[in-house]
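K.L.:
predicted coordinates and the sequence they were generated for:
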Amino acid sequence: MKPYNLEQFKGIIIALYASYDDLGEINTEAVRRLARYYATTGVKGLYVGGSSGEGMLQTVEERKQILAAVVAEVGEELTIIAHVGAAATRDSVELAKHAEEVGAHAVSAVPSIYYRLSADSVEGHWQAIIDASSLPFIIYHIPQTTGFHLSKGLLTKMAAQDKVIGVKISAESTFELQQFKAAGGSDFLVLNGPDEQYLAGRAIGADGGIGGTYGVMPELFLKIEMCYAQGNMAEAQAWQFKVNELIVKLLSFPSLYGACKAILKLRGFDIGVPRMPLLPCTEGDQGRIEQLNAEIITLVELAKG
Ligand SMILES: CC(=O)N[C@@H]([C@@H](O)[C@H](O)[C@H](O)CO)[C@@H](O)CC(=O)C(=O)O
């Protein structure tokens, strides 16, 4: 058995958006406010500095600032997973050490990006991160952006270490999810990445999910999870279908994160716009953003019953 409390990682974990001020600089006050709000929703935790968190678009110092602010604000109420993936292993190692210093609960990382890497190289990258702290490690598998296809063989080898507690799978194959769960064993966590398939992921073995659209509708993912946990598959499926219509709309804007940030701004959370090259919403998008926000709020009210 892994020598960690794995329960704290099971459930709905929001992939936290980056917070910037009007000049595009890190806004720790805004990220604290947002994290504080999420702590009231019933979600299990926050995934900081991942795809939604734009970690790859920030300096090491900026990433540290955000993580430290989030842990200081909600680290005692929510599980905080620090994504420390970077192109250079030494940056990831520095971020992993910092994550432990400030009190995060786990670290996670994609393979190094840009170079086409062998499995040995990615293993070495991850191992350096694992060895840099005493925190548990969650592999971040997102081949559509990194170009690295994690094999079942490497997954099995990594999962044999006590410190490697799970994998976050953003690849779309639920078959692969099931295979990784089987390979990792019963005390190995598998966290669903594609929000559109949250229920499918759960049904085939995921222990929860980490998602980039959860942040604008955590209540709806909690509803799907509640219906699933109660064995009410028909209702869970009906909610997943409703959520998927919203995701299709979110994905129709210049960038997903631009849309999510524009929606949060309407709700009083001004966390800026995404960094280039990610595109913000334009003035021309505003009407559709307002309509989508209203649709989400209506569904949240319905979900609360
Ligand atoms: C490819 C991608 O970005 N996938 C997202 C999903 O949450 C995704 O935004 C959602 O399913 C909409 O397509 C997450 O798996 C990534 C994530 O959680 C993160 O690190 O922010």
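P.N.:
Perfect, I can see it now. Bear in mind the structure is a predicted one, so any value in this text is a computation, not a measurement.
K.L.:
please enumerate the helices of the chain.
P.N.:
Remark: helices assigned in the chain by DSSP state H are 28-38, 60-74, 89-102, 119-132, 143-146, 152-159, 174-184, 198-203, 218-229, 233-250, 256-266, 286-304.
K.L.:
need those helices in a markdown table with mean pLDDT and mean neighbour count, can you?
P.N.:
For glycine as for every other residue, the C-beta is placed from the backbone atoms N, C-alpha and C. As requested, the helices of the chain are exported to a markdown table (pLDDT from 0 to 100; neighbours: other C-beta atoms under 10 Å):
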| stretch | mean pLDDT | mean neighbour count |
| --- | --- | --- |
| helix 28-38 | 98 | 19 |
| helix 60-74 | 98 | 21 |
| helix 89-102 | 98 | 19 |
| helix 119-132 | 98 | 17 |
| helix 143-146 | 94 | 14 |
| helix 152-159 | 97 | 17 |
| helix 174-184 | 97 | 19 |
| helix 198-203 | 98 | 22 |
| helix 218-229 | 98 | 21 |
| helix 233-250 | 98 | 16 |
| helix 256-266 | 98 | 22 |
| helix 286-304 | 97 | 15 |
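K.L.:
want to throw those into a markdown table with distance to Val167?
P.N.:
Supplementary listing: the helices of the chain in a markdown table, determined by distance: least, C-beta to C-beta, whole Å:
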| stretch | distance to Val167 |
| --- | --- |
| helix 28-38 | 23 |
| helix 60-74 | 21 |
| helix 89-102 | 17 |
| helix 119-132 | 11 |
| helix 143-146 | 12 |
| helix 152-159 | 7 |
| helix 174-184 | 6 |
| helix 198-203 | 12 |
| helix 218-229 | 19 |
| helix 233-250 | 22 |
| helix 256-266 | 22 |
| helix 286-304 | 29 |
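K.L.:
now the ones you listed in a markdown table, with distance to the ligand?
P.N.:
A markdown table is the format used below for the helices of the chain (distance: least, C-beta to the nearest ligand atom, whole Å):
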| stretch | distance to the ligand |
| --- | --- |
| helix 28-38 | 14 |
| helix 60-74 | 13 |
| helix 89-102 | 15 |
| helix 119-132 | 16 |
| helix 143-146 | 6 |
| helix 152-159 | 17 |
| helix 174-184 | 12 |
| helix 198-203 | 8 |
| helix 218-229 | 10 |
| helix 233-250 | 5 |
| helix 256-266 | 6 |
| helix 286-304 | 14 |
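K.L.:
looking at those, spot the one closest to Pro111.
P.N.:
Among the helices of the chain, helix 119-132 comes nearest to Pro111, with 4.2 Å by C-beta to C-beta.
K.L.:
measure how the closest one sits relative to helix 152-159, angle-wise.
P.N.:
20 degrees (axes from the mean of the first three to the mean of the last three C-alpha atoms, to 10 degrees).
K.L.:
report the angle between helix 119-132 and helix 89-102.
P.N.:
Using the same axes, to 10 degrees, helix 119-132 lies at 30 degrees relative to helix 89-102.
K.L.:
output the contacting helices and strands for helix 119-132.
P.N.:
Under the contact criterion of 3 or more C-beta pairs under 8 Å, 6 or more residues apart in numbering; DSSP states H and E, helix 119-132 touches helix 89-102, strand 106-109, strand 137-141, helix 152-159.
K.L.:
and Asp195, which of these is closest to it?
P.N.:
strand 137-141 (15.4 Å).
K.L.:
check whether that closest one comes near the ligand.
P.N.:
No - legend: contact between strand 137-141 and the ligand by C-beta under 6 Å from any ligand atom is lacking; minimum distance shown is 6.9 Å.
K.L.:
counting contacts, what elements does that strand pack onto?
P.N.:
strand 106-109, helix 119-132, strand 164-169.
K.L.:
can I get those in JSON lines with distance to Gln144?
P.N.:
Below are the helices and strands packed on strand 137-141 laid out as JSON lines (distance: least, C-beta to C-beta, whole Å):
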{"stretch": "strand 106-109", "distance to Gln144": "17"}
{"stretch": "helix 119-132", "distance to Gln144": "16"}
{"stretch": "strand 164-169", "distance to Gln144": "11"}
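K.L.:
in the chain, which residue sits closest to the ligand?
P.N.:
Of all residues in the chain, Gly50 sits closest to the ligand, at 2.6 Å by C-beta to the nearest ligand atom.
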